[in-house]
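K.L.:
Turn this into a model:
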Amino acid sequence: MPLPRRLKNSPLVEATCEVRFTSNPDIPVELLPGLVFPTLGARFPHIERLNSLTLPEQILKQHPDLDYAALFRFRGDNATLLAGQRMLAVSTSGQYPGWEGFRALCVEVINALRNTKFIRSVDRYSLRYMNLLPAQPKDPLDDFQIRLDVGVPISPGGFRLRFERNSGPFVTVVECASSVEIKLLDGHMDTGILFSIDTIRHVDVGRFLEAIEDHLDNAHSVAEPLFFGLLKPETIQRMKPVE
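P.N.:
Just a heads-up that it's a prediction; the model follows:
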């Protein structure tokens, strides 16, 4: 059965493409805003320095995960770019431009950083889709084709489920959580069930920069059918799919 081209009532809150890489040691990360602004300034005109940029070197050495902390935030209309010493993340919120539009944005940003010579090699990339479904009064999994037999009724409050699925070189992390409050693009808060899909590849990515679109298409071809496969048909119909 073909997948819908789009959903009129999409539950998508945010789509993110993250790339983790080994950076060029000859280019200080502090120069990054100036290097990318000529190319990306029109799309992301607002730049913020984040607090992690001022962390002492001793703290950074004690916590290797901080290598992937965002140091700068570039903001534009319905899109955000986070960048750091060894990462970049492109996010779109509000009206999703469709896969082709989002992929084009990701490729534009990745190529902009690539052309600065700041990225030496890519270590990992991922696509993450964060969705908010309506809260369920009884079973938080009512909208899903996911069943748990725990011997007792599942409370709709405080529920959290996380599991992984392997698909060739990709690992997809699926998370469901009830009673989640999210700030939407228009500023108001909404509460419901968080349903996120994070498709990650961290093996055989050495040639990522030579075929960015192909790599992103491969990740999308894993994430999209999994999204629809985990939802009940009646749940998808409520989202008004367009074939």
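K.L.:
lowest average confidence, helix or strand, in this structure?
P.N.:
helix 57-62 (a mean of 62; mean pLDDT, DSSP states H and E).
K.L.:
if I look at Leu127, how far off is Lys240?
P.N.:
Using Cβ to Cβ, to the nearest Å, Leu127 is found at 23 Å from Lys240. (Each C-beta comes from the backbone N, C-alpha and C, glycine too.)
K.L.:
now do Ser179
P.N.:
In terms of Cβ to Cβ, Ser179 sits 26 Å off from Lys240.
K.L.:
Mind checking which of those two has more residues around it?
P.N.:
Ser179 (16 against 12; other Cβ atoms under 10 Å).
K.L.:
how close does the more buried one sit to Ala112?
P.N.:
Taking Cβ to Cβ, one finds Ser179 at 39 Å from Ala112.
K.L.:
got it, and Arg238?
P.N.:
Arg238 is 39 Å from Ala112, where distance means Cβ to Cβ.
K.L.:
Between those two, which has more neighbouring residues?
P.N.:
Taking other Cβ under 10 Å, Arg238 and Ala112 do not tie; Ala112 has more neighbours (20 against 15).
K.L.:
The more buried one: what's it in contact with?
P.N.:
Counting by Cβ atoms under 8 Å, 6 or more residues apart in numbering, Ala112 touches 36, 39-40.
K.L.:
Any regions of the chain where pLDDT drops low?
P.N.:
1, 52-64, 184-187 (pLDDT under 70).
K.L.:
Which helix or strand lies directly C-terminal to the strand or helix carrying Asn218?
P.N.:
Assigned by DSSP states H and E, Asn218 belongs to helix 212-229. The element immediately downstream of helix 212-229 (helix or strand, assigned by DSSP H and E) is helix 233-238.
K.L.:
buried stuff in that next one?
P.N.:
Under the neighbour-count criterion of 16 or more other Cβ atoms under 10 Å, helix 233-238 has 235-236 buried.
K.L.:
what about the helix or strand following it, distance to the chain center?
P.N.:
As assigned by DSSP H and E, the chain's next helix or strand after helix 233-238 is strand 241-242. In this view, strand 241-242 has its centroid 23 Å away from the chain centroid, taken as Cα atoms, centre = their mean, to the nearest Å.
K.L.:
Does the residue nearest to Ser126 when sequence neighbours are not counted belong to a helix, a strand or coil?
P.N.:
Using Cβ to Cβ, 6 or more residues apart in numbering and skipping residues adjacent in sequence, the residue nearest Ser126 is Ile200, 4.2 Å away. The three-state label given to Ile200 by DSSP: H, G, I helix; E, B strand; the rest coil is strand.
K.L.:
So what pairs up with Ile200 in the strands?
P.N.:
Taking DSSP bridges as the rule, Ile200 bridges to Ser126, Val171.
K.L.:
Surely it touches Ser167?
P.N.:
No - Ile200 lies out of contact with Ser167 (Cβ atoms under 8 Å); the separation is 10.5 Å.
K.L.:
Between the two, which is the more surrounded one?
P.N.:
Higher neighbour count among Ile200 and Ser167: Ile200, with 20 against 16, using other Cβ under 10 Å.
K.L.:
got the contact list for that one?
P.N.:
124-126, 170-173.
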